[in-house]
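> the sequence and its predicted three-dimensional model are supplied below.
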2 protein chains.
Amino acid sequence: MTKAEIEKAVREIPLFSRLKDEQIIRLSARATVSSIPKKSTFFSEDSSSQGLHVLISGKVKLFKIAEDGKEQTIFVFGPGEPFCLCSVFSDGILPANMAALEDSEVLYISPQEYENMVREDPTILMSMMRVMSRRLKDAMNMIDSLSLKQVPSRLAAYFMSREKDGVVELDISHRELSKIIGITPEALSRTLKKMAAGGLLEVNGSEIRITDMKALELCGDGSCL
Amino acid sequence: MTKAEIEKAVREIPLFSRLKDEQIIRLSARATVSSIPKKSTFFSEDSSSQGLHVLISGKVKLFKIAEDGKEQTIFVFGPGEPFCLCSVFSDGILPANMAALEDSEVLYISPQEYENMVREDPTILMSMMRVMSRRLKDAMNMIDSLSLKQVPSRLAAYFMSREKDGVVELDISHRELSKIIGITPEALSRTLKKMAAGGLLEVNGSEIRITDMKALELCGDGSCL
């Protein structure tokens, strides 16, 4: 990326929306950008990293791996989203693995530069806390889902949290979706078919059209057909 | 609580350790303290609350409830720990239920007073982010555990994260522990007996003595006997 391209990318990051022009320019000059090819791992669990990372293009997932190789995806991040926030404020040990779902680019800001930025504008901390509290809520819902909900309810809750005007545009593959729901791809496929047969939704590739909103909502709360 | 008692409690809260004397005095004068009797609910999911809450005595749990009444505990907080941090930085809608495991007292600081405090000393935000990032890591480990681990592994991982010199002092009942591990009290009892029979640990009421640290660690990672 050229300097001008990095600057343009920095201006589009919501977290930095309140920075002044001179801060944007300085930050852009000192930030570095890494490319992560699709399917490659960017971080491994228990490795360490300090500083601030923000995804500027592509898509990445944060996930845990079991002894037997099974994966559980915790978060999927898109452009503009900061990640590894945990490591910014602690020992830097990463709590999970991170890999690219698409060719991605990551902006990196060193701990020193990050501290400068925060000193000049502490409201950045408030914005970061908002992001963290949203993720903490998402994580709690995931715990709820994995512990207390059956597979159809988990899937219904996932769709309900992402629908816009009755449509969910899946921006990940069905295979990746199964790793978020915590089931096998085969179980996901069976559940989708059952839901379609029950009149709750229609599946057209990456588009899920909700045909019975009330029933899907009830299913997400735990009362499935 | 008298004014002097509140002030003493505020001085003992780690989050406020860097506040100046005059700030402590003002904060204590404006804070309020609520008592929560053991077993009563303090917050319900989807209710709302703004401002900062810190537990000053007792013990509380944050938990989700399923349609069928089954509970999953997410966090247990002790004295000095802030909670409902999510609500401080967002719409105030609470992501889970909170109830007292023991008679407890909660210090409450209004959003306005909290803002004053942060304006005077932004390092408080850094301390709060450290707390949030620790909780986010704990939540990720719980997702990992619920999704990818069998019951004995979950329990072993729980004990390994809490042992000191080979001993885990359970500060909650076996019943409450089962709600953290995400199993029935009966399954917990069976698993503990199995682990004891396998020579991994000894159970003496609330004291768990680890007798084979290496085996318990392997079990926590997913390779159980």
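Happy to help now that I have it. Residues are numbered from 1 along each chain as shown, chains lettered A, B, ... in the order given.
> and for the closest residue to residue A:110 other than its chain neighbours, the neighbour number?
Of all residues not flanking residue A:110 in the chain, residue A:51 sits nearest, at 5.0 Å (Cβ to Cβ, 6 or more residues apart in numbering or on different chains). Where you see a C-beta, it was placed from the backbone N, CA and C, and this is true even at glycine. Other residues within reach of residue A:51, judged by other Cβ atoms under 10 Å in any protein chain shown, total 18.
> quick one: residue A:51 from chain B, how far?
Plainly put, residue A:51 is 14 Å away from chain B if you go by Cβ to the nearest Cβ, to the nearest Å.
> which residues are contacting the helix or strand harbouring residue A:114?
Residue A:114 is part of helix A:111-120, with elements assigned from DSSP states H and E. Identification of contacts with helix A:111-120 by Cβ atoms under 8 Å, 6 or more residues apart in numbering or on different chains yields A:19, A:23, A:27, A:30-31, A:50-52, A:88, A:109, A:124-125, B:122.
> and the residues you listed, which is the shakiest by pLDDT?
Across these, the smallest pLDDT goes to residue A:88, namely 69.
> shaky segments in chain A?
Along chain A, the model assigns pLDDT under 70 to residues A:86-90, A:225.
> tell me which stretches of it form helices.
A:3-11, A:21-30, A:85-88, A:111-120, A:123-148, A:151-162, A:174-181, A:185-197, A:213-221 (DSSP state H).
> the first one to helix A:21-30, inter-axis angle?
In this case it means helix A:3-11. Orientation of helix A:3-11 against helix A:21-30 (axes from the mean of the first three to the mean of the last three Cα atoms, to 10 degrees) gives an angle of 120 degrees.
> what helices or strands is helix A:3-11 leaning on?
Here helix A:3-11 touches helix A:21-30, strand A:104-109, going by 3 or more Cβ pairs under 8 Å, 6 or more residues apart in numbering or on different chains; DSSP states H and E.
> can you lay out the helices of chain A as a markdown table showing mean neighbour count?
Converted to a markdown table, these look like this (neighbours: other Cβ atoms under 10 Å in any protein chain shown):
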| stretch | mean neighbour count |
| --- | --- |
| helix A:3-11 | 15 |
| helix A:21-30 | 15 |
| helix A:85-88 | 23 |
| helix A:111-120 | 15 |
| helix A:123-148 | 20 |
| helix A:151-162 | 20 |
| helix A:174-181 | 19 |
| helix A:185-197 | 15 |
| helix A:213-221 | 18 |
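> and the ones you listed: which comes nearest residue B:58?
helix A:123-148 (21.9 Å; Cβ to Cβ).
> near chain B at all, the closest one?
Yes: legend: contact between helix A:123-148 and chain B by Cβ under 8 Å from any Cβ of the partner chain is shown at A:125-126, A:128-130, A:132-137, A:139-144, A:146-148.
> am I right that residue A:191 is in contact with residue A:158?
No: taking contacts as Cβ atoms under 8 Å, residue A:191 lies outside contact range of residue A:158: 11.0 Å.
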